[in-house]
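S.K.: Mind looking at a prediction? Sequence and model below.
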Amino acid sequence: LHSLWNLLHVDPGFDTEGVVAARLELPSARYPEREDLAPFFPRLVERLETLPGVVSVSYTTSLPLAEGLRPEGFRRLEGARAGEEPLSMGYVGVGPEYFRTLRIPMRGRGFTEADRAGAPRVAIVDEALARAYFPGEDPIGRRILVLASRPDDMPFEIVGVAGEIRHESLGEAPQPTVYVPHAQMVEHGFRPPRNVVVTLRAEGNPLDLAAALRREVARLDPELALSELGSLDALRRASVVRPRRLTGLLGAFSVLALVLAAVGLYGLMAQIVGQRRREMGVRMALGADRGVVVRRVVGHGLRLTVAGLALGLAGSLGAGRLLDSLLFEVGAADPASLGATAALLLGVALAACWLPARRAAKVQPAEVLRAE
């Protein structure tokens, strides 16, 4: 439960509210050359920006929380050491206004329409990459060479630093990322960016723009079709479906175990009270207070409970390591979780012991002695 709470409240690094996204692929049969790809999306954005209720529009080759990043390597040109190994990163091609559309915080400048094919090559790195590969310095103005580029390609100048976002899933840590203008990807050694996700931020319900989005795509090319159309809020909810189900399954088993433990402890204490009924009657006949009887019964049950808790906590510290891969930002030996669980079990045990103790306190000494 602690792990799921952390996962549901983690900051993905961007704002999912009010954004609709749809995947669009330009087939090679209709767009055979790289140069055919670049003009399509600016034209689509220009048409979508005129729709009522649209705040901003952009596009990307990798939608956060929906797919992993394409792996790539790069080298720092300034200050690089001889024979330095390629640095690992993920790369994403995005259109102008992408960071504004997803409300990703950044410093420096974003991409504009001027960052087209043939223009000076620019890139934006995220905070994770800046922290890992440019520690203690500002990467803006530095140059990097993406290894997929041709040997004679010019390097990319870093013009901005974006906030780190969770690309793979909410449970995966942000990985170093380089963003390049989508229009400039077509002139490099990158794989042709035919598969692109269009993103729209709306003033109201973003799904109200779904029909208009389909209509504008059809006007540009009637043979193209959108897929995976939906809101980023729905995408975020879908990304935690598996952890929710897993937590629900484990929770159901935990509740069942708790009920069985309570019933078992109640049955044990009820049997003990029944076996000691004569003893308790004699004690009360000799002047023992009913409160003393209750405390003796409850105390006996709690001693068993404390012993069980000690064994359980010791076992959980070892067996809990099996859960490490299922947990998010909480360890299997988390003191708060173990303490809360122990307190819950202690409370259930106290209730299971109190019922037989209450019954024991109602024993009538005269009836017990008469029965004997």
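M.R.: Yes, it's here.

S.K.: rest of the way, CA atoms for contacts and neighbours
M.R.: OK.

S.K.: where does the one residue sitting closest to the centre of the chain land in three-state SS?
M.R.: Centroid check for the chain by Cα atoms, centre = their mean gives L170 as the closest residue, at 2.2 Å. Under DSSP: H, G, I helix; E, B strand; the rest coil, L170 falls in the coil class.

S.K.: how close does it sit to H9?
M.R.: In this view, L170 and H9 are 9 Å apart by Cα to Cα, to the nearest Å.

S.K.: hang on, the residue nearest to the centre of the chain packs against F14?
M.R.: No. Applying Cα atoms under 8 Å as the test, L170 and F14 come out as separate, 11.5 Å apart.

S.K.: what about the protein, any weak spots by pLDDT?
M.R.: 68, 71-73, 75-86, 147-153, 186-192, 288, 363-372 (pLDDT under 70).

S.K.: which residues does P181 contact?
M.R.: P181 sits next to 93-96, 111, 115-116, 122-123 when contact means Cα atoms under 8 Å, 6 or more residues apart in numbering.

S.K.: repeat that for 7 Å
M.R.: Contact partners of P181, counting by Cα atoms under 7 Å, 6 or more residues apart in numbering, are 93-95, 111, 115.

S.K.: ranking the residues you listed by neighbours, who comes first?
M.R.: Highest neighbour count within these, by other Cα atoms under 10 Å: G95, with 28 neighbours.

S.K.: Roughly how far does that one sit from Y59?
M.R.: 5 Å.

S.K.: Kindly report the same for G347.
M.R.: Taking Cα to Cα, one finds G347 at 54 Å from Y59.

S.K.: in this protein, which spans are helices?
M.R.: 2-8, 40-48, 98-101, 127-133, 182-185, 210-220, 232-239, 241-275, 277-285, 290-319, 335-361, 365-371 (DSSP state H).

S.K.: so which of those comes closest to A202?
M.R.: helix 98-101 (9.4 Å; Cα to Cα).

S.K.: Only the buried residues of that closest one, if you could.
M.R.: 98-101 (16 or more other Cα atoms under 10 Å).

S.K.: Quick check: of those, which lies closest to D324?
M.R.: Using Cα to Cα, those come closest to D324 at F99, 34.0 Å.

S.K.: Could you measure from that closest one over to H9?
M.R.: Applying Cα to Cα to F99 and H9 gives a distance of 22 Å.

S.K.: and if you look at R244?
M.R.: Taken as Cα to Cα, the span from R244 to H9 is 13 Å.

S.K.: Of the two, which one has the most company?
M.R.: R244 (18 against 9).

S.K.: ok, and the closest non-adjacent residue to the more buried one?
M.R.: Excluding its sequence neighbours, the residue lying closest to R244 (Cα to Cα, 6 or more residues apart in numbering) is L4, at 7.1 Å.

S.K.: Of G347 and Y59, which one has the most company?
M.R.: Between G347 and Y59, Y59 has the larger neighbour count (other Cα under 10 Å), namely 27 against 14.

S.K.: residues contacting that one?
M.R.: Neighbours of Y59 in contact, by Cα under 7 Å, 6+ apart: 94-95, 98, 196-199.

S.K.: do A349 as well
M.R.: By Cα under 7 Å, 6+ apart, the neighbours of A349 are 262, 265, 305.

S.K.: can you check R103 too?
M.R.: 14-15.

S.K.: Now it, what are its backbone angles?
M.R.: phi 50, psi 50 (degrees, to the nearest 10).

S.K.: State the distance from it to T199.
M.R.: Taken as Cα to Cα, the span from R103 to T199 is 12 Å.

S.K.: do S325 as well
M.R.: Applying Cα to Cα, the value for S325 to T199 is 33 Å.

S.K.: if you count what's nearby, which of those two comes out ahead?
M.R.: Just comparing S325 and T199: by other Cα under 10 Å the higher neighbour count belongs to T199, 26 against 9.
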